[in-house]
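S.K.: need a structure here:
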Amino acid sequence: MTYSKTYPSGLRLVVKQMEGLFSVSMGMIVGTGSCFEREEENGISHFIEHMLFKGTEKRTAFAISDALDRIGAQANAFTSKDITCYYAKSTSDHAAEAFEILSDFFLHSVFPEEEMEREKGVVCEEIAMTEDTPDDLCLDVLAEAYFGKTGYGRTILGPAARVRGFSREDLFSYMAERYNPANVVVSFAGNIGVNEAEELVARCLESALRPRPFVPRRKEIACASRHLFRNKDIEQAHIAYMWPSLRREHPLAESAQVVNVVLGGGMSSRLFQKVREEMGLAYTVYSYISAFTEGGALTVYAGVNPQNIARAQEAAFAVIRGLQKENPTADEIARGKEQVRSALILGQENTATQMLAYGKYMLYNGAVLDFDERIARIDAVNADSCAEALSLHFAQAPASAVVGKVEGPLSVG
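M.R.: Here you go, the predicted model:
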């Protein structure tokens, strides 16, 4: 059973009951992330995510951790380009306590100055870690090459100098605007009743909220075919390319996902078989689609010896040209459909996955995710829809990024 409700404040609730389990996952999903930030704010969504665990009006940072540990609950958070999520998982008998703790730091964090200074150091180390993780760095550089330095091109962590300059007032001001109840979805998945979930939200959250105007920020989107590089003294060269893809709820979105599986979504994919198995040019090579509300992007990535950049690029582009010329075979489409379908079905067995899936869908679409309808859309994928989806990709030159012992960008012509 799935249930949803909108409260007077604008806060939305979605509950996915999963009988026969002993646990429940719960989360607050906020419609904000790096793509909504202005230049002077870049990194603030992620920094707030860290700081919400650092003390409230009635709990210190240690008291938050201690209260969760005492009931055997797990809590964490993450920030992406377009959402920030705070979540917890507990046994069903401790759902009320876990949700009260989650609500406490979501609503009543005080951002102690001493904690802020310590956490700035932590986040700056996280930024440094990304600089030392060349595949992650390559994908950040690629996002800038494609989207520019605004919107989806902004890094989630932000620049270290910006993070060091954030004040308590900056955090409170950003939250006052972006953590508006109308921009938040509360999601439960697992062994919890609708009445209990409603009562917890009413008591722990809604009672402290008041409706207020919410003005959505316009995301700046400018897709281009830029070519960027970062010279790093490392053994491999990390290369990546990005082309336009389809928005999240496009009628051909499932067909595009199947095409991506055929291209580079697994060990049987054309990219893996050609670049790794046949030519031995890479240990890691894959493709994936990032689907957003306004559009999407298809990324191809490989890690190769610097001397093999040209060969790997030509091999990858030859695979793409071959796919365009021949279209996926019936066998490839069947295999791709099963991979997309099984990923969705297997996620039904995980409360955290379901909490996030139903919460994000409610946030993005203002409706309850229809699982059967989504399966039906995957089952309806066929050769014609895959060919049509494929025709909407690779029409323009890609953006590119390379990180390694290189002196300039990739030559993409």
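S.K.: Now do the strands in the stretch 51-200 of the chain.
M.R.: Applying DSSP state E, counting those that start in this stretch to the stretch 51-200 of the chain gives strands spanning 74-79, 84-91, 184-190.
S.K.: Buried deepest among those, which one?
M.R.: Among the strands of the stretch 51-200 of the chain, ranked by average contacts under mean count of other C-beta atoms under 10 Å, first place goes to strand 184-190 (a mean of 27). In short, each C-beta sits where N, CA and C put it, glycine included.
S.K.: helices or strands up against it?
M.R.: The elements that strand 184-190 packs onto, with contact taken as 3 or more C-beta pairs under 8 Å, 6 or more residues apart in numbering; DSSP states H and E, are strand 12-17, strand 23-30, helix 351-365.
S.K.: strands paired with it, and their directions?
M.R.: strand 12-17 (parallel), strand 23-30 (antiparallel) (DSSP bridges).
S.K.: which of the ones you listed is buried the deepest?
M.R.: Of all these, strand 23-30 has the most neighbours on average by mean count of other C-beta under 10 Å, namely a mean of 26.
S.K.: average pLDDT for that strand?
M.R.: Summarised as a single mean, pLDDT over strand 23-30 is 98.
S.K.: again with stretch 209-228
M.R.: For stretch 209-228, mean pLDDT rounds to 88.
S.K.: ok now that stretch, how far from the chain's centre?
M.R.: With C-alpha atoms, centre = their mean, to the nearest Å as the basis, stretch 209-228 stands 15 Å off its chain's centre.
S.K.: Contacts for it, please.
M.R.: For stretch 209-228, the surrounding residues in contact (C-beta atoms under 8 Å, 6 or more residues apart in numbering) are 7-11, 35-36, 141-142, 144-148, 150-152, 177, 180-183, 244, 294-295, 297, 396-401, 409-410, 412.
S.K.: Just the buried ones from the residues you listed?
M.R.: By neighbour count, with 16 or more other C-beta atoms under 10 Å, those hold 7, 9-11, 35-36, 141-142, 144-148, 150-152, 180-183, 244, 295, 297, 398-401, 409-410 as buried.
S.K.: number of nearby residues for Gly280?
M.R.: Burial of Gly280 is recorded as 9 neighbouring residues (other C-beta atoms under 10 Å).
S.K.: Report the separation between it and Asn305.
M.R.: Distance of Gly280 to Asn305, given as C-beta to C-beta, to the nearest Å: 10 Å.
S.K.: Nearest to Asn327, out of the helices and strands packed on strand 184-190?
M.R.: Among these, the nearest to Asn327 by C-beta to C-beta is helix 351-365 (30.3 Å).
S.K.: Please point out which parts of the next helix or strand after the closest one sit buried.
M.R.: Using DSSP states H and E, the helix or strand that follows helix 351-365 in sequence is helix 371-379. Of all the residues in helix 371-379, those buried under the rule 16+ other C-beta under 10 Å are 371, 374, 377-378.
S.K.: Please enumerate residues in contact with helix 371-379?
M.R.: By C-beta under 8 Å, 6+ apart, the surrounding residues in contact with helix 371-379 are 254, 258, 337, 340-341, 344-345, 348.
S.K.: Among the buried ones among the contacts of stretch 209-228, which lie within helices?
M.R.: Residues of those located in helices (DSSP state H): 141-142, 144-147.
S.K.: now that we're looking at the residue lying farthest from the centre of the chain, how far away is Ala316 from it?
M.R.: Ranked by distance from the centre of the chain (C-alpha atoms, centre = their mean), the top residue is Gln307, with 33.0 Å. Counting by C-beta to C-beta, the gap from Gln307 to Ala316 is 16 Å.
S.K.: next one: Met279
M.R.: Here Met279 is placed at a distance of 10 Å from Ala316 (C-beta to C-beta).
S.K.: Neighbour count: these two, which is higher?
M.R.: Taking other C-beta under 10 Å, Met279 and Ala316 do not tie; Ala316 has more neighbours (25 against 13).
S.K.: How about that one: what's its closest non-neighbour residue?
M.R.: Val300 (5.8 Å; C-beta to C-beta, 6 or more residues apart in numbering).
S.K.: and what of Glu206?
M.R.: Tyr7 (4.8 Å).
S.K.: Contacts only, for the one you found.
M.R.: Residues in contact with Tyr7 (C-beta under 8 Å, 6+ apart) are 13, 181, 201-202, 206, 209.
S.K.: Just to check, Val406 is in contact with Ala237?
M.R.: Yes. Contact criterion C-beta atoms under 8 Å: Val406 and Ala237 qualify, at 6.1 Å.
S.K.: Now the common contact residues for these two.
M.R.: Joint contacts of Val406 and Ala237 (C-beta under 8 Å, 6+ apart) are 306, 309.
S.K.: Compare the two (neighbour count), which wins?
M.R.: Set Val406 next to Ala237 and count neighbours by other C-beta under 10 Å: Ala237 wins out with 24 against 17.
S.K.: Show me the beta-bridge partners of that one.
M.R.: Ala237 has these beta-bridge partners by DSSP bridges: Val304.
S.K.: mind checking pLDDT for it?
M.R.: Per-residue pLDDT puts Ala237 at 97.
S.K.: show me what contacts the most centrally placed residue in the chain?
M.R.: The residue lying closest to the centre of the chain (C-alpha atoms, centre = their mean) is Ser80, at 4.7 Å. Ser80 is in contact with 33-34, 156, counting by C-beta under 8 Å, 6+ apart.
S.K.: hmm, 7 Å instead?
M.R.: Taking C-beta atoms under 7 Å, 6 or more residues apart in numbering as the criterion, Ser80 is in contact with 33, 156.
S.K.: For it, what are phi and psi?
M.R.: Main-chain dihedrals, Ser80, degrees, to the nearest 10: phi -120, psi -170.
S.K.: What's the local residue count around the residue nearest to Ile101 when sequence neighbours are not counted?
M.R.: Leaving aside its chain neighbours, Ile101 sits nearest to Ala67 (5.2 Å; criterion: C-beta to C-beta, 6+ apart). Ala67 has 17 neighbouring residues, counting by other C-beta under 10 Å.
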